[in-house]
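Student: Mind folding the following:
(chains A and B)
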2 protein chains.
Amino acid sequence: MKVVGLVTEYNPFHNGHIHHIQEAKRVTQADVVVAVMSGNFVQRGEPALFDKWTRAKAALENGVDLVIELPTFYAVQPSHLFAEGAVKLLSALGIEDMVFGCEHADVDFLALAKEAPAIDQGQKFQNKNQTFAKSYAQQLENETGFVLEDPNDILAFGYAKAVLKLDVNMALHPIQRVVAGYHDQTLMDSQSIASASSIRLALHKGKLEKIQNVVPNNTLAAINSEINTVGFEEKFWPLLKYRLTTDTIGQLGQVYQMAEGLEHRMAAVALAEPGPQSYQSFIKSVKSKRYTFARIQRMLFYTLLNVKVDQMQAAMQDPYLRVLGFTDAGQHYLNEIKKTVTLPIISKVDQQLAKANLRLDFKAGKLWQMLASEQDQQQDVTRKPIYVTKK
Amino acid sequence: MKVVGLVTEYNPFHNGHIHHIQEAKRVTQADVVVAVMSGNFVQRGEPALFDKWTRAKAALENGVDLVIELPTFYAVQPSHLFAEGAVKLLSALGIEDMVFGCEHADVDFLALAKEAPAIDQGQKFQNKNQTFAKSYAQQLENETGFVLEDPNDILAFGYAKAVLKLDVNMALHPIQRVVAGYHDQTLMDSQSIASASSIRLALHKGKLEKIQNVVPNNTLAAINSEINTVGFEEKFWPLLKYRLTTDTIGQLGQVYQMAEGLEHRMAAVALAEPGPQSYQSFIKSVKSKRYTFARIQRMLFYTLLNVKVDQMQAAMQDPYLRVLGFTDAGQHYLNEIKKTVTLPIISKVDQQLAKANLRLDFKAGKLWQMLASEQDQQQDVTRKPIYVTKK
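Tutor: Numbers count the residues shown, from 1 in each chain, chains lettered A, B, ... in the order given. Just a heads-up that it's a prediction; the model follows:
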């Protein structure tokens, strides 16, 4: 069996993802497609539009054979840690080929990564008035001439850095992204591919007619019937305000990624009279030039989830392969690698696991439900992987 | 100037309180009436119906001359600590006479308190299948023959115990309660006095016509126009569930008054699928014979406010006299005692105080606003005492 690995969020699953799957198979001649997918929260620190089960099912019904959850401690991270976590899981599954879309598919990202400065040494040349990513890109440009600014190029670069750092056998196959860039928020009715962010925006505005042609039927069905987080900000802000009002500055200061005394600023803004009346206005009040919007959102996610630095570091030391679903081919592949896989495979979560290793995912699932106003449904404990028979 | 002290909650201020004030003046021949009043949360662990300013104003317009806030760390406590805090503040103000209503005004509570077992040694004879209060009352009955079971008798007993413990010069003047017991939830239309709990119940049921004859005009006006917490449970439960879901068992175990591993039970009930759908059903799920409803509510209040044992103990060591309002006579009295008062008088709260000594009251005020759906109003910082000129 020839297998190819994808790193995904499927937020939501759309026609561009189908193209990605088809291209991955074509480029690598793979029979089996394995997707590592963010769980209930995505890299930007937001709740995924649909829960991980709904998104995994959509993927399995559209060409993916095995969906593995990218745990919260890898998924809700800056791109280089997100990429490193994903490469680690794919490699543990015995996968040696990754296919990903990016804005500059002609670039040899491995070669670029070798030339580039180390990411964790990047702090030393950070300009105080800009984000870390910008400072790093500036340094990279100075040293190599390459302008790293497009979001999928940044991820591609992250995969390459991870392959070098983890010293794994992983061929990287960049493919040119079709039509829309990640941030492109225009939807073209005549076309069948649009970016996930443009789809989310259309959903937010209630313009369902703009989505019909760019997502497969199962995503369309989910939009019409499943619980979702389109309006999550209305729930997020009162909970966040409550947390910032009642926790001590000492407690807030221990939150993962809370940096440079930002806990003081956040608490002060939350306690102001009159204070910000929405999540967006709160973020505007605490944001500075040094942080991207996504960085702030991740910080707020960890604040809301009450995740401290030490808990996060411990969790990251102990990764696992959580199976969200498979097709026959996916199940077959899982059986094949059973004895060689280098991380624990978790197919069913009991109370014990929910309290220990999977605690962050479990809590994130509960938080997702609160933000989606979903009555308590099994997100983790007792939930079995989804099984989809291929047509 | 002759002064008399009252211990109050005014939740809400009603005709029975006017009777109490008049009787207090008659019994002690006082010119000045000082009320120590619970702040934004009352002894039962619930948000007061109206905020402390609205209730202080009602009192000042109906015969009280000076309202001092009973700080959160004294107010939201079992009756003996509530009583002890109140006696400490009244005594610090140079007050030597207290008048209170109770069910057995003929009892000499000081004599009873002298005979009675020490309260903080009460644990040793607690029956495991009943509340501490019941076990203590049983022991008291065995030793003295007196049946301590009515809520205002229990408070009266608490005042007496506090006078002995603090060794202060304070004459206790019990007066017979008129008409309704504290827990009496019937309202009699023909009468002008009803219990606060019966008034709250009528408000909860929207039966405003039952309240008209038993509260003064300013309370009636507040009912018709001010923000209130009649529906607080709908806000309380999602926040509590969020807190119990995201905090660690270790964090919950440090909450003030959290006892005997109840944090495990609370977290488990909150995380159950499907879990309790309301605050009331949650309490029913965690309550046992060992705890009163009020005790559980106080525990949940401290859980929601994220108050740990050590913070609470430190706060209780550092009491103060927070002035909520005064009449001319009250102001005159404050001037008179300025040099002899034994605790700091606080008339205005700045950011500094709000972050230090008054932190619990400040946080409680913010929480009150969340439960009342009040947009951020000054509850503490920059707020000046209310001044009422007597007609």
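
Student: which residues does the closest residue to chain B within the stretch 101-250 of chain A contact?
Tutor: Using CB to the nearest CB, the single residue of the stretch 101-250 of chain A nearest to chain B is A:Thr246, 4.3 Å away. Backbone N, C-alpha and C define where each C-beta goes, glycine included. Residues in contact with A:Thr246, defined by CB atoms under 8 Å, 6 or more residues apart in numbering or on different chains, are B:Leu304, B:Leu305, B:Asn306, B:Lys363, B:Lys366, B:Leu367.

Student: if you set the cut-off to 10 Å instead, what comes out?
Tutor: For A:Thr246, the contacting residues are B:Leu239, B:Arg243, B:Thr303, B:Leu304, B:Leu305, B:Asn306, B:Val307, B:Lys363, B:Ala364, B:Lys366, B:Leu367, B:Met370, by CB atoms under 10 Å, 6 or more residues apart in numbering or on different chains.

Student: Likewise for A:Lys338?
Tutor: Residues counted as contacts of A:Lys338 (CB under 10 Å, 6+ apart) are A:Ile345.

Student: Check the spatially most distant residue from the centre of chain A and give its pLDDT.
Tutor: Largest separation from the mean C-alpha position in chain A: A:Glu273, at 35.2 Å (CA atoms, centre = their mean). At A:Glu273, the predicted lDDT confidence score is 85.

Student: In terms of secondary structure, what does the longest helix anywhere in chain A contact?
Tutor: Counting residues, the longest helix found in chain A (DSSP state H) is helix A:151-166. In this structure, helix A:151-166 packs against strand A:3-8, helix A:79-92, strand A:97-102, helix A:109-115, helix A:132-144, strand A:171-176, with contacts taken as 3 or more CB pairs under 10 Å, 6 or more residues apart in numbering or on different chains; DSSP states H and E.

Student: quick one: the third one to helix A:151-166, angle?
Tutor: Angular relation of strand A:97-102 and helix A:151-166 on a 0 to 180 degree scale: 150 degrees, by axes from the mean of the first three to the mean of the last three CA atoms, to 10 degrees.

Student: Convert the C-alpha atoms of strand A:97-102 to PDB, please.
Tutor: This file holds the C-alpha atoms of strand A:97-102, laid out as PDB (Å, rounded to 0.1, in the frame of the first residue of the first chain):
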ATOM      1  CA  ASP A  97       5.100  11.600   1.500                       C
ATOM      2  CA  MET A  98       3.300  14.800   2.300                       C
ATOM      3  CA  VAL A  99       1.300  16.800  -0.200                       C
ATOM      4  CA  PHE A 100       0.300  20.400   0.500                       C
ATOM      5  CA  GLY A 101      -0.900  23.400  -1.400                       C
ATOM      6  CA  CYS A 102       1.000  26.600  -1.200                       C
END
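
Student: of all the helices and strands packed on helix A:151-166, which gets the most neighbours per residue?
Tutor: strand A:3-8 (a mean of 25; mean count of other CB atoms under 10 Å in any protein chain shown).

Student: Give the burial count for the residue in the stretch 1-150 of chain A that chain B sits nearest to, as a bare number.
Tutor: Using CB to the nearest CB, the closest approach of the stretch 1-150 of chain A to chain B is made by A:Thr72 at 12.8 Å. By other CB atoms under 10 Å in any protein chain shown, 27 other residues sit near A:Thr72.

Student: Verify the contact between it and A:Phe301 for me.
Tutor: Yes: the pair A:Thr72 / A:Phe301 is scored as a contact, 8.9 Å apart, by CB atoms under 10 Å.

Student: shared neighbours of those two, anything?
Tutor: Common neighbours of A:Thr72 and A:Phe301 (CB under 10 Å, 6+ apart) are A:Phe41, A:Val307, A:Ala364, A:Leu367.

Student: Kindly identify which of these also come near chain B.
Tutor: Intersecting the shared contacts of A:Thr72 and A:Phe301 with the contacts of chain B gives A:Val307, A:Ala364, A:Leu367 (criterion: CB under 10 Å from any CB of the partner chain).

Student: Let me know the closest of those to chain B.
Tutor: Relative to chain B, and with distances defined as CB to the nearest CB, the nearest of those is A:Leu367, at 7.1 Å.

Student: Could you check which helix or strand contains the closest one?
Tutor: Assigned by DSSP states H and E, A:Leu367 falls within helix A:359-372.

Student: Would you tell me what helix or strand the closest residue to A:Asn218 other than its chain neighbours is located in?
Tutor: Nearest residue to A:Asn218, sequence neighbours excluded (CB to CB, 6 or more residues apart in numbering or on different chains): A:Ala58, at 4.8 Å. Of the helices and strands defined by DSSP H and E, A:Ala58 is found in helix A:52-60.
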